[in-house]
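> Would you be able to build a 3D model of this:
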Amino acid sequence: MHRIVATLVIAALSGCATIQDPVPTDYVGPRAWIQDIWSLDADERDQVFAIAEVDNAAITNAISETRKASQGKGFQASQRNYGRAVPARKVKLQIIGTHFSAAPIGEIARRAAGTFQSVSGVVELDAREGVNYRVVGELSKVKSCVWIEVASTGEPATSKVCST
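From the prediction side, this is the model:
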């Protein structure tokens, strides 16, 4: 029950966060690319793996863009893919892996039934110039994890954030 309340509080407060560009306007230098990823789990439920913050600043991501696009459509999710450039240097990223429901009541019901998993945490990525990365993970009742990997090789680029 505490997890549900904490998640609802975080979701409510995140609506108040100032969204920033992950590349500062005065930054001139090399960049890397990180893509958020949508997929279906074994039970064909939407799951998304995304970046919520870069260096402690909230950013636009696949979750926020999908929520906007799905607003007023009931249980119909209008998935939006999203990626962003980041400075090619060490960056601190808050990453999230979560099941997705377009209707808040759907999420509440699935959480109560134990069929909605979510995990988040902070990792450090040594972003290399010109490299494409993607946020990936796995969600299950037993163990949920999220991490970043090199898109071309599938090689992990950060540690895994897991919950059990």
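> Where do the helices of this structure begin and end?
For the chain, the helices defined by DSSP state H cover 2-14, 62-70, 104-113.
> as a whole number, average confidence for the longest one?
Spelled out, that is helix 2-14. Here helix 2-14 scores 49 as its mean pLDDT.
> Repeat that for stretch 145-152.
On average, stretch 145-152 scores 97.
> what does it contact?
34-35, 49, 93, 95-97, 119-121, 123, 125, 131-138, 155-163 (CB atoms under 8 Å, 6 or more residues apart in numbering). No exception for glycine: its C-beta is placed from N, CA and C like everyone else's.
> Now, of those, which are buried?
34-35, 49, 93, 95-97, 119-121, 123, 125, 131, 133-138, 157-158, 160-161 (16 or more other CB atoms under 10 Å).
> Quick one: mark the members of those residues that sit in strands.
Counted as lying in strands by DSSP state E, out of these, are 34-35, 49, 93, 95-97, 119-121, 123, 125, 133-138, 161.
> Name the nearest residue to residue 32, sequence neighbours excluded.
Excluding the flanking residues, the one nearest residue 32 by CB to CB, 6 or more residues apart in numbering is residue 127, at 3.8 Å.
> Buried ones in stretch 85-101, by neighbour count?
86-89, 91, 93-101.
> I'd like those written out as JSON lines, with distance to residue 54 added.
Output for the buried residues of stretch 85-101, formatted as JSON lines (distance: CB to CB, whole Å):
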{"residue": "86", "distance to residue 54": "6"}
{"residue": "87", "distance to residue 54": "9"}
{"residue": "88", "distance to residue 54": "13"}
{"residue": "89", "distance to residue 54": "11"}
{"residue": "91", "distance to residue 54": "6"}
{"residue": "93", "distance to residue 54": "6"}
{"residue": "94", "distance to residue 54": "8"}
{"residue": "95", "distance to residue 54": "10"}
{"residue": "96", "distance to residue 54": "13"}
{"residue": "97", "distance to residue 54": "17"}
{"residue": "98", "distance to residue 54": "18"}
{"residue": "99", "distance to residue 54": "23"}
{"residue": "100", "distance to residue 54": "21"}
{"residue": "101", "distance to residue 54": "26"}
